[in-house]
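**Q** have a look at this prediction, sequence included:
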Amino acid sequence: RPWLLHVSNHSTVKQHGIFYEVVRRVRQSIPDAIGTIIGNSYPAAKWNVGRLGVQGGCWYRCRVASSMRNDVTLRWNVPRSDVVSAIQEANITFLTSAFECSGLVLLESSAAGTPWISFDLGHVRDYPGGVIARDEDEMTKIAIDLLSNPSKCRSLGDEGQQGVRERYSWKAIAEQYETLYETVLARTT
């Protein structure tokens, strides 16, 4: 079954409602597609009720939505190795946040060879292996297109893996720092 994945906590800025809607719309064209949100809740900060176990963000809304639908499941307290495995096995990873600085899950998706779809946030435009969507409608169309074109999915996955190796591996990052240090040193001498 085509598997759509969203990995994030249940902060309202993650806009899980958009993911639910994208999955619903994708299923109109590809009925056996399913979605999963992997992410923990976080304590409610308002009035410091988190210390009493009250969850914040969209945790309760997502729990109710998933209990009333059979197309999106929630997973929480998932071991890191299982999250990595899910990213590797999913067909597409999504980032539906209202804002994000980095969107590291997209780099993880790229490294795993899993294509991603995201809104244009932070500097995700620089990341390889995915597609930027303007809105929920475009996100749905892109997802349907990718799921209907396995070779396009593979191509994005390959592009992501190669891009991560070239620009975001520890070796590549260390080389970038070394170049930066050498440039700064050359300017000061």
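**A** Okay, I see it.

**Q** in the top helix by length along the chain, what's buried?
**A** Identified as the longest helix of the chain according to DSSP state H is helix 170-188. Neighbour counts over helix 170-188 (16 or more other C-beta atoms under 10 Å) mark no residue as buried. C-beta here means a position set from N, CA and C on the backbone, and glycine is covered the same way.

**Q** so for that helix, mean pLDDT?
**A** For helix 170-188, mean pLDDT rounds to 89.

**Q** contacts for it?
**A** 165-166 (C-beta atoms under 8 Å, 6 or more residues apart in numbering).

**Q** same thing but 10 Å
**A** Helix 170-188 is contacted by residues 163-169 when judged by C-beta atoms under 10 Å, 6 or more residues apart in numbering.

**Q** most surrounded residue in those residues?
**A** Highest neighbour count within these: residue 164, with 21 neighbours (other C-beta atoms under 10 Å).

**Q** the residue lying closest to it once chain neighbours are set aside: what's it in contact with?
**A** Residue nearest to residue 164 in three dimensions, not counting chain neighbours: residue 111, with 4.5 Å by C-beta to C-beta, 6 or more residues apart in numbering. Each residue near residue 111 by C-beta under 10 Å, 6+ apart is listed here: 84, 87-88, 128-129, 160-161, 163-165, 168-169.

**Q** and the nearest residue to residue 21 once chain neighbours are set aside, its phi and psi?
**A** Closest residue to residue 21 apart from its sequence neighbours, by C-beta to C-beta, 6+ apart: residue 136 at 5.9 Å. Residue 136 adopts backbone torsions of phi -60, psi -40, taken as degrees, to the nearest 10.

**Q** likewise residue 17?
**A** Taking degrees, to the nearest 10, you get phi -60, psi -40 for the backbone angles of residue 17.
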